[in-house]
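Chemist: quick one, what's the 3D model for this:
(one chain, ligands or ions: 1)
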Amino acid sequence: MFFSPIQYDEPVFRPPAEARSAIIQATVGCSWNKCAFCEMYTSKKFKVRSFEELKPEIETLAKAYYGVKKVFLADGNAFVLSANKLIPLLIEIYNQFGKIQRISSYALPKDILRKSEQELKDLKNLGLKLLYIGIETGDDELLKLIHKGETFNSTLDGVEKAHNAGIDTSIMIINGLGGKEYSEQHALKSAEIINKLNPKFLSTLTLSLPFGLEHFQNKFNGRYIQQTIVELFEELKLFIDHLNVENVIYRSNHISNNLPLQGTLSKDKNQLIHFLDQAIQYTPKDKYPSSPEVL
Ligand code: SF4
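Modeler: Next up is the predicted model:
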């Protein structure tokens, strides 16, 4: 909960980079809402909010946040909205806020693939310049076990389609997603897909267990063996070590992470690996992560 001039349908989540953005709740919840690790919107039933409902809120927010440079469309995957629904919204935001640098939202690859190339270009030209996409892993087996509803190829196709339209992406990978059993394939296939995508931004989060290990194990469609913090660092090191990208801004500044890292990849790869080696050396081998309340 935070102070706001409008009444949001709580809880509201946004990426760390959108801390200073005006948030417009274009949808409520997540249209997919099935990922085994995600509890963000399990208390909400997905719904699309109408333009008539949103118009006065945009006006109020534009006045309250005069001069704000960025707007974030919530909730879980507001990009599920069709271009026909998004276009009037983007125009209204532009009219009310005036000069803004960018509008962004969370998206699933399938939300991108459902739109035509021209629609994506139109959305980009109307200010929607960045999509946050939790691809979580590049490993098909693991994508199935967590019920992501996407594959390596659907993710690749969706993100590349956004890039071809000039829309930047911020890609999220979850450290520890498959536990000990799937750790190596998770790290290697995630590096493989990131190498193909070369997104503008990349971040790693760490798997959180707000309802406990057993709750997650029951939702994970396989054998999940929790990793120690050192094992999580080793997985992250393997992932970063296999990255071969250009000018990707990398952050691990989410509340779930055990070590905040940042750099530009692959330029800063050696330095990031050095920090991880130090963390591995000085962290007790038998220590497990404690989970924050939310992912
Ligand atoms: S991770 Fe994203 S797509 Fe999956 S349930 Fe959560 S909000 Fe929805």
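
Chemist: can I assume Leu73 sits in a strand?
Modeler: Yes. Checked against DSSP: H, G, I helix; E, B strand; the rest coil, Leu73 lies within a strand.

Chemist: hmm, it is touching Arg102, no?
Modeler: No. At 11.2 Å, Leu73 and Arg102 do not qualify as touching, with contact defined as Cβ atoms under 8 Å. Where C-beta positions appear, they are placed from N, C-alpha and C, glycine not excepted.

Chemist: so for those two, which residue has more residues nearby?
Modeler: Leu73 (27 against 15; other Cβ atoms under 10 Å).

Chemist: and the more buried one, how far from the ligand?
Modeler: 13 Å (Cβ to the nearest ligand atom, to the nearest Å).

Chemist: how about that residue: what's its closest non-neighbour residue?
Modeler: In this structure, Leu73 finds its nearest non-sequential neighbour in Ser105, 3.8 Å apart by Cβ to Cβ, 6 or more residues apart in numbering.

Chemist: Lys219 too?
Modeler: Here the nearest residue to Lys219 in space, its sequence neighbours aside, is Ala36; by Cβ to Cβ, 6+ apart that works out to 3.9 Å.

Chemist: residue contacts, Lys267?
Modeler: Contacts for Lys267 were tallied using Cβ atoms under 8 Å, 6 or more residues apart in numbering; they are Asn247.

Chemist: kindly report the same for Glu184.
Modeler: Glu235, Leu238.

Chemist: begin at 558 from here
Modeler: Shifting the count to begin at 558 puts that one at Glu741.

Chemist: which secondary structure element is home to it?
Modeler: helix 736-754 (DSSP states H and E).

Chemist: quick one: list the elements packing against the helix or strand that that helix is followed by.
Modeler: Per DSSP H and E, helix 736-754 leads on to strand 758-763 as the next helix or strand towards the C-terminus. Using 3 or more Cβ pairs under 8 Å, 6 or more residues apart in numbering; DSSP states H and E as the contact test, the elements touching strand 758-763 are strand 725-732, helix 786-798, strand 805-808.

Chemist: what's the angle between strand 758-763 and helix 786-798?
Modeler: Between the direction of strand 758-763 and that of helix 786-798, the angle (axes from the mean of the first three to the mean of the last three Cα atoms, to 10 degrees) works out to 160 degrees.

Chemist: helices along the chain, start to end?
Modeler: Along the chain, the stretches classed as helices by DSSP state H are 608-621, 640-654, 666-670, 674-682, 697-702, 709-721, 736-754, 770-776, 786-798, 826-839.

Chemist: so which elements touch the last one?
Modeler: By that I understand helix 826-839. Using 3+ Cβ pairs under 8 Å, 6+ apart as the test, helix 826-839 ends up in contact with helix 786-798, strand 819-822.

Chemist: residues contacting the last one, please?
Modeler: Translated: strand 819-822. When contacts are taken as Cβ under 8 Å, 6+ apart, the neighbours of strand 819-822 outside the stretch itself are 759, 797, 800, 802, 804-810, 826, 828-829.

Chemist: repeat that with 6 Å
Modeler: Strand 819-822 is contacted by residues Leu800, Val802, Val805, Ile806, Tyr807, Arg808, Leu829 when judged by Cβ atoms under 6 Å, 6 or more residues apart in numbering.

Chemist: and that strand, which residues are buried?
Modeler: Gly820, Leu822 (16 or more other Cβ atoms under 10 Å).

Chemist: got it, and stretch 674-681?
Modeler: Taking 16+ other Cβ under 10 Å as the basis for neighbour counts, the residues of stretch 674-681 that come out buried are Glu676, Leu677, Asp679, Leu680, Lys681.

Chemist: dump the C-alpha coordinates for stretch 785-802 into PDB.
Modeler: Included here for stretch 785-802 are C-alpha records, laid out as PDB according to Å, rounded to 0.1, in the frame of the first residue of the first chain:
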ATOM      1  CA  THR A 785      21.500 -23.100  -0.600                       C
ATOM      2  CA  ILE A 786      22.600 -19.500  -1.200                       C
ATOM      3  CA  VAL A 787      26.000 -20.700  -2.400                       C
ATOM      4  CA  GLU A 788      24.300 -23.100  -4.900                       C
ATOM      5  CA  LEU A 789      22.200 -20.100  -6.100                       C
ATOM      6  CA  PHE A 790      25.400 -18.100  -6.600                       C
ATOM      7  CA  GLU A 791      27.000 -20.900  -8.500                       C
ATOM      8  CA  GLU A 792      24.000 -21.200 -10.800                       C
ATOM      9  CA  LEU A 793      24.000 -17.400 -11.400                       C
ATOM     10  CA  LYS A 794      27.800 -17.600 -12.100                       C
ATOM     11  CA  LEU A 795      27.200 -20.400 -14.700                       C
ATOM     12  CA  PHE A 796      24.500 -18.300 -16.300                       C
ATOM     13  CA  ILE A 797      26.600 -15.100 -16.500                       C
ATOM     14  CA  ASP A 798      29.700 -17.000 -17.600                       C
ATOM     15  CA  HIS A 799      27.800 -18.300 -20.700                       C
ATOM     16  CA  LEU A 800      26.400 -14.900 -21.700                       C
ATOM     17  CA  ASN A 801      27.800 -13.400 -24.900                       C
ATOM     18  CA  VAL A 802      25.800 -10.200 -25.500                       C
END
